[in-house]
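Chemist: show me the folded form of this:
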Amino acid sequence: MIPSVFLFATLDTKGREADFVRGLLTSWGVAVTLVDVGALGTPAVTADVTRERIFELAETTIEAVRTRADRGEAVTKAAAGATRLARDAYARGEVSGILGLGGSAGTTIATAAMRALPLGVPKVMISTLASGMVRQFVGDKDIFMLNSVVDILGINRISREVLSQAARAMAGLVTYPRPEAHANDKPLVAATMFGVTTACVERARETLERAGCEVLVFHATGNGGQAMESLVCEGLIAGVLDLTTTELADEHVGGFLSAGPDRLTAAGQAGIPQVVSTGALDMANFYATESVPARFKDRLFYKHNANVTLMRTTPEENAGIGASIAQKLSAATGPVAVLLPGRGVSAIDKEGQPFDDPIARAALHDAIRAGAHGIEVIDMDRHINDPEFADAAAAKLLELMRLGR
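Modeler: The predicted model follows:
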């Protein structure tokens, strides 16, 4: 089968618009597989993959979904079916890209299918929600979100322009070849960084690059950690320098920059070398001051700027975070080393700085030592941003990567 652009839409409400996009693509010689992810009304055009097939892939039937008359469940099931369709078709080499159009339901369904495919597969979503907060749709994938400007209802002078933009973008993405991998490509190392650990990570990066690595630095703001874990799962990363694990504090405490419960697991499951530290675990992150939940009103805060408020983690919270780190790393199938900076884990956790708390640091590091099994734990009487700490972290990762090879 010739690889095809999979076009996802609810064909009862978006049939004419999907057919317009399909017509443009096919007129340019791009193969299209039209997928109906609707559940209620009558499709306006004929699909290549029917809605019945989508719900079958979700291990249910369209009749069962209609009987329950639960729109939320219908969207959830359609998303599951679309995801399975995309993943299976990609495994067979049948997908050249995914294009979706819709409102909240269509965006939820189509982007679920997009997130099932790896980096580099073209993904374009025309959405009525694209001008707002789209992290829940994009996640850690390379998805183009195109604002529909007007509702996707009929072909008019505005929708015609936007829909044709998406079609032209997709045609270009699947027509022009991706750059080929080079035989001399360097090993990829993933590193995590926050503003308060920048000095450490920048110095370590320079050391790794001099040693022949290509370093990808991820901003540990939730999405950054998720993106790193995703690339590790896709087999693109040779080693991980996870010095800034701050997203674990947000997950544990309830801050706004969590990367989810699976953070710090991908490298261990993939068996690739990793060096881990406790960078910025002295803080949980919130937005402007008024965004901080009332239950934290008596805590210690630091106003990083008008839009970012940092809250100092307590010894009890640090003990819980440390135990979680130890548990996750102890389950790793590849080489692991943990470096513990005894004099502070961030630029504002050091002597004379507002988050300096030796008791909290001790609780964090004691919990890691106590729970770590079968992994190397290295105590350093240094601050995380000291040059000696950065040099030691980079050298340890290079050592583990040599052992891995």
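Chemist: in the stretch 151-300 of the chain, which spans are helices?
Modeler: For the stretch 151-300 of the chain, the helices defined by DSSP state H, counting those that start in this stretch cover 157-175, 198-210, 223-233, 247-253, 266-270.
Chemist: tell me which of the ones you listed sits most buried.
Modeler: Each of the helices of the stretch 151-300 of the chain was scored by mean neighbour count; the highest is helix 247-253, a mean of 24, by mean count of other Cβ atoms under 10 Å. The C-beta positions use only the backbone N, C-alpha and C, and glycine is treated the same way.
Chemist: can I see the domain layout of the chain?
Modeler: What automatic domain parsing lists as the domains of the chain is 4-175, 188-404.
Chemist: quick one: low-confidence parts of the protein?
Modeler: 1, 181-184, 403-405 (pLDDT under 70).
Chemist: that one: strands as residue ranges?
Modeler: 4-9, 32-36, 95-102, 123-127, 144-147, 188-193, 214-219, 239-242, 274-276, 283-286, 301-305, 308-312, 336-341, 376-380 (DSSP state E).
Chemist: the ones you listed: which one's closest to Met133?
Modeler: Closest to Met133 of those, according to Cβ to Cβ: strand 144-147, at 10.8 Å.
Chemist: pairing partners for that closest one, with directions?
Modeler: strand 123-127 (parallel) (DSSP bridges).
Chemist: could I have the partner strand exported to CSV, CA atoms only?
Modeler: The C-alpha trace of strand 123-127 is given here as CSV (Å, rounded to 0.1, in the frame of the first residue of the first chain):
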residue,chain,number,x,y,z
LYS,A,123,1.1,16.0,12.1
VAL,A,124,-1.2,19.0,11.3
MET,A,125,-4.3,19.8,13.4
ILE,A,126,-6.8,22.5,12.2
SER,A,127,-8.6,23.4,15.4
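Chemist: check which residues of that strand are buried.
Modeler: In terms of neighbour count (16 or more other Cβ atoms under 10 Å), strand 123-127 has its buried residues at Lys123, Val124, Met125, Ile126, Ser127.
Chemist: of those, closest to Ala204?
Modeler: Lys123 (32.4 Å).
Chemist: what pairs with the closest one across the strands?
Modeler: Beta-bridge pairing for Lys123 (DSSP bridges): Ile98.
Chemist: that one reaches Val95, doesn't it?
Modeler: No - contact criterion Cβ atoms under 8 Å: Lys123 and Val95 do not qualify, at 10.4 Å.
Chemist: any shared contact partners between these two?
Modeler: Leu117 (Cβ atoms under 8 Å, 6 or more residues apart in numbering).
Chemist: now Gly279: how far from Pro341?
Modeler: 8 Å (Cβ to Cβ, to the nearest Å).
Chemist: need the overlap of contacts for these two.
Modeler: Contacts common to Gly279 and Pro341, judged by Cβ under 8 Å, 6+ apart, are Ile384.
Chemist: tell me the phi and psi of the spatially most central residue of the chain?
Modeler: Against the mean C-alpha coordinate of the chain, by Cα atoms, centre = their mean, the closest residue is Asp140 at 2.7 Å. Main-chain dihedrals, Asp140, degrees, to the nearest 10: phi -110, psi 30.
Chemist: which residues touch it?
Modeler: Shown in contact with Asp140 (Cβ under 8 Å, 6+ apart): Arg115, Asn223, Gln226, Ala227, Glu229, Ser230.
Chemist: and those as a markdown table, adding distance to Leu11?
Modeler: Below are the contacts of Asp140 laid out as a markdown table (distance: Cβ to Cβ, whole Å):
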| residue | distance to Leu11 |
| --- | --- |
| Arg115 | 22 |
| Asn223 | 32 |
| Gln226 | 32 |
| Ala227 | 33 |
| Glu229 | 35 |
| Ser230 | 31 |
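Chemist: nearest to Ser159, of those?
Modeler: For the contacts of Asp140, the closest approach to Ser159 (Cβ to Cβ) belongs to Arg115, at 25.7 Å.
Chemist: isn't that closest one right next to Lys141, touching?
Modeler: Yes - between Arg115 and Lys141 there is a contact at 4.9 Å, judged by Cβ under 8 Å.
Chemist: in the longest helix seen in the chain, which residues are buried?
Modeler: Counting residues, the longest helix found in the chain (DSSP state H) is helix 71-91. For helix 71-91, burial by neighbour count (16+ other Cβ under 10 Å) applies to 74-86, 89-90.
Chemist: my read: Phe256 touches Met283, true?
Modeler: No - taking contacts as Cβ under 8 Å, Phe256 lies outside contact range of Met283: 11.6 Å.
Chemist: who has more neighbours out of the two?
Modeler: With neighbours defined as other Cβ atoms under 10 Å, Phe256 and Met283 compare such that Met283 has more, 29 against 15.
Chemist: pretty sure the more buried one is touching Leu310, no?
Modeler: Yes - using Cβ under 8 Å, Met283 is in contact with Leu310, at 4.3 Å.
Chemist: please enumerate the shared neighbours of those two.
Modeler: Tyr302, Ile348, Phe355.
Chemist: contact partners for the last one?
Modeler: Counting by Cβ under 8 Å, 6+ apart, Phe355 touches Asp282, Met283, Leu300, Tyr302, Leu310, Arg312, Ser346, Ile348, Asp349.
Chemist: just give me the closest of these to Leu163.
Modeler: Leu310 (43.7 Å).
Chemist: so that closest one bridges to which residues?
Modeler: Beta-bridge partners of Leu310, as defined by DSSP bridges: Asn285, Tyr302.
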